[in-house]
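Asker: Turn this into a structure:
(one chain, ligands or ions: 2)
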Amino acid sequence: MRMLTPRKSIAIFSLRVALVDSNPYNHAMTASSAYFALVPAAGSGARMGGERPKQYLPLAGQPLLFHALATLCSVPRITRVFVILAPDDIEWSRHDWSSLGPKLAPLFYGGATRAESVRNGLRATAAQVQPRDWMLVHDAARPCLAPWHVDALIDGVGDDDDGGILAVPVTDTLKRADESGKIGATVARETLWQAQTPQMFRHVYLRRALENHASVTDEASAMEALGFHPKLVAGDPTNFKVTYPVDLLLAGWILQHRGDET
Ligand code: CTP
Ligand code: MG
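Answerer: Ligands and ions are numbered 1, 2, ... in the order given. Reported below is the predicted structural model:
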């Protein structure tokens, strides 16, 4: 852990001590931690437009959501893949997920925001995981996730309690707008990264972070607010988020041509 303020160091230390003190199964904490995936898929896809939530739009012969779930289920180190669906989801049961095998576990606990969906998922899975097990939170809307992305993240984070996220260095020149919509400043991009998912944190810390910081757009922000310093693990731009209709075309092309370069 780097550069913690004394107050935050004490807060995290207290959290860790509290965890040890309150856990009657401490012997289990010395065993190596397991890996679980948690996939928020309870959004409406407003920016995509259309009737159907974007996670169910057809992509390369399957619902969009299928692709990320298939990758996560295929990674041997991942024990289980929890997918968080809206309580009123009517699409899930219309598709056949059986080819993904027994790791897949749907949970109808989605919330009003992405952070709420993830927090609800952490609450719902608490009885099935150990506090120090790793949760890899991945957007359903990133269908081009590949097994090597997941392995890079798990290997990159190792056993560092700060956890980490996949990200890519910013390549464009960045401009800060002024009030009139003109360029106010050019921002140095050398240290800037674009956050992706999966974002990987120990269940106990991530749950604490999201119970306290519900208005965040990614898990790392909530962890940062708690004083953690998540690691940036280099991914690649193919793991982008499908947001607008044109992104569907790009994702389809990437899935179709994956492996061509090898
Ligand atoms: N998500 C969720 N619960 C919400 C909102 C979003 O589980 N209440 C999920 C989405 O299903 C998606 C991921 O969080 O897999 C990333 O969110 P985003 O790309 O913003 O998807 P939507 O919120 O569905 O899209 P939009 O913001 O355009 O409405
Ligand atoms: Mg959204």
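
Asker: ok now do residue 87, which residues does it touch?
Answerer: With contact taken as C-beta atoms under 8 Å, 6 or more residues apart in numbering, residue 87 is in contact with 108-110. For glycine as for every other residue, the C-beta is placed from the backbone atoms N, C-alpha and C.

Asker: can we see that at 10 Å?
Answerer: Going by C-beta atoms under 10 Å, 6 or more residues apart in numbering, residue 87 touches 42, 107-111, 120.

Asker: Give me the subset of those residues lying in strands.
Answerer: Judged by DSSP state E, the subset of the contacts of residue 87 located in strands is residue 107.

Asker: which ones among the contacts of residue 87 come in contact with ligand 1?
Answerer: Among the contacts of residue 87, the ones lying near ligand 1 by C-beta under 6 Å from any ligand atom are 42, 110-111.

Asker: before we move on, back to that, nearest to ligand 1, of the contacts of residue 87?
Answerer: residue 42 (3.6 Å; C-beta to the nearest ligand atom).

Asker: Can you report how many residues neighbour that closest one?
Answerer: Per other C-beta atoms under 10 Å, the neighbour tally for residue 42 reads 28.

Asker: pLDDT score for the residue nearest to it when sequence neighbours are not counted?
Answerer: With C-beta to C-beta, 6 or more residues apart in numbering as the measure, residue 110 is the residue that lies nearest to residue 42, at 2.4 Å, once sequence neighbours are left out. Note for residue 110: predicted pLDDT of 98.

Asker: on that earlier part again, mind putting the ones next to ligand 1 among the contacts of residue 87 in a markdown table, distance to residue 71 included?
Answerer: Compiled in a markdown table, the ones next to ligand 1 among the contacts of residue 87 are given as follows (distance: C-beta to C-beta, whole Å):
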| residue | distance to residue 71 |
| --- | --- |
| 42 | 20 |
| 110 | 21 |
| 111 | 24 |
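
Asker: Many thanks, have a good one.
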